[in-house]
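>>> Give me a 3D structure for the following:
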Amino acid sequence: MQDTIFNRSYTGLRTDLLALVADKPGRVLDLGCATGEMGRYLTDKYGAQVWGVEYDGAMAEVARGKLKEVWQADLNKDGLGDFPHSGSYDLIICGDVLEHLVDPWQVLRDAAGLLRPGGHIIASLPNIGHFTTLLHLAFLREWPYRRRGIHDRTHLRFFTRRNLMQLYGQAGLRVAAEKRNLRLWESGSPIDGLAKLMDFPPMRSFVTFQYIHRLLKP
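Residues are numbered from 1 along each chain as shown. Below you'll find the predicted structure:
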C-alpha cells in the first residue's frame with residue numbers, strides 16, 4: 001500500500017478519536033487528514049462525505065483517492081474560510097493539529113463557525129502537564145526537544161487541561177465527552193500500564209499523555 005511509505009504514527013487509524021464519534025455524521029471536515037485513513041473509515045462505516053485539509057503534498061495526493069476533496073494548505077497561512085466549503089459540517093476532526101499552529105485559538109473559532117448547530121468537533125492535543133515535562137525542567141534543567149510526542153520540536157503551542165478549557169471556551173464550544181490516553185514515557189514503555197494505577201487526583205494530569213475531547217457547538 002502507498003501508506004507504508006509514510007510514518008504510521010501520522011497515517012494510521014486513530015481509534016481513540018473514533019471512539020468519540022457521536023450520531024451518524026454526514027458531512028465531515030478532517031484537519032490534518034494525512035493519507036485519509038480516518039475519512040475512509042467514516043465513509044465506509046457511516047456513508048459520510050469527508051473533506052480534508054493536509055499540509056504535506058504527498059499525503060494529500062494519497063488522501064485524494066479516499067476523500068471527497070482534499071485541500072493542500074498551510075493553516076498557519078491559509079484560513080479555513082478561504083476554502084470553497086459547500087455547506088456546514090456535522091463533524092470536524094482536529095487530531096493533534098492545533099498545537100502545530102501559530103494561532104490555534106483563531107483556527108478553532110473558524111472551525112466552530114463551520115459547524116451546523118449541534119455539530120461536534122473532536123480534538124486531540126498533547127498534555128504539557130505530563131510529569132516528564134516537570135522532570136526535565138526541575139532536574140535536568142533543559143527543555144526536552146524530541147522528534148515526536150508531547151515535546152515534538154515542531155509544536156508551537158502548549159496546553160494543560162485548564163488551557164484546553166480556555167481554548168474551547170473562547171471558540172464558543174463546550175466539552176461533551178473526554179477521553180485520556182495514559183502513558184508514563186513519551187516513547188512508550190512496558191511499564192506504561194502502571195499509569196492506570198496513578199489515574200486519580202491529583203496524579204491524573206501527570207500521567208495523561210493526550211487529552212481527546214468531543215466538543216459541542218450549542
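
>>> got the buried residues for stretch 33-50?
Neighbour counts over stretch 33-50 (16 or more other Cβ atoms under 10 Å) mark 33-43, 46, 48-50 as buried. Every C-beta, even on glycine, is put in place using the N, C-alpha and C of the backbone.

>>> Please apply the same query to stretch 157-175.
For stretch 157-175, by 16+ other Cβ under 10 Å, it's 157, 159-161, 164, 167-168, 171, 173.

>>> Take these and lay them out in CSV including secondary structure and distance to G149.
Formatted as CSV, these follow (DSSP: H, G, I helix; E, B strand; the rest coil; distance: Cβ to Cβ, whole Å):
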residue, secondary structure, distance to G149
R157, coil, 15
F159, coil, 14
T160, coil, 16
R161, helix, 18
L164, helix, 17
L167, helix, 20
Y168, helix, 23
A171, coil, 25
L173, coil, 26
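
>>> For the longest strand anywhere in the chain, give me every contacting residue.
Longest strand of the chain, by residue count under DSSP state E: strand 115-126. Identification of contacts with strand 115-126 by Cβ atoms under 8 Å, 6 or more residues apart in numbering yields 14, 16-17, 20-22, 25, 88-96, 98-99, 108, 111-112, 149-150, 152, 155, 159, 164, 168, 173, 176, 209-218.

>>> Distance of the closest residue to R64 other than its chain neighbours relative to L17?
Excluding the flanking residues, the one nearest R64 by Cβ to Cβ, 6 or more residues apart in numbering is V70, at 4.8 Å. The gap separating V70 from L17 is 18 Å, by Cβ to Cβ, to the nearest Å.

>>> neighbour count winner among those two?
Applying other Cβ atoms under 10 Å to V70 and L17 shows that V70 carries more neighbours, namely 24 against 20.

>>> what residue ranges in this structure score low on pLDDT?
Judged by pLDDT under 70, the chain has its weakly predicted residues at 1-11, 185-189.

>>> Helices of the chain, start to end?
In the chain, the helices defined using DSSP state H lie at 8-11, 15-18, 37-46, 57-63, 104-113, 131-135, 161-170, 204-207.

>>> angle of the fifth one against strand 115-126?
Helix 104-113 and strand 115-126 are oriented at 150 degrees to each other (axes from the mean of the first three to the mean of the last three Cα atoms, to 10 degrees).

>>> So for helix 104-113, what gets flagged as buried?
Across helix 104-113, burial judged by 16+ other Cβ under 10 Å covers 104, 107-112.

>>> For it, what is the distance to the chain centroid?
Helix 104-113 sits 13 Å away from the centroid of its parent chain (Cα atoms, centre = their mean, to the nearest Å).

>>> re the thing from before, will you turn the buried residues of helix 104-113 into a markdown table that also has distance to L125?
A markdown table is the format used below for those (distance: Cβ to Cβ, whole Å):
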| residue | distance to L125 |
| --- | --- |
| P104 | 9 |
| V107 | 12 |
| L108 | 11 |
| R109 | 16 |
| D110 | 17 |
| A111 | 14 |
| A112 | 16 |
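
>>> which one of these is nearest T133?
P104 (18.8 Å; Cβ to Cβ).

>>> residue contacts, the nearest residue to the closest one once chain neighbours are set aside?
Residue nearest to P104 in three dimensions, not counting chain neighbours: L98, with 3.8 Å by Cβ to Cβ, 6+ apart. Taking Cβ under 8 Å, 6+ apart as the contact definition, L98 lies against 104, 107-108, 123, 125, 157, 167.
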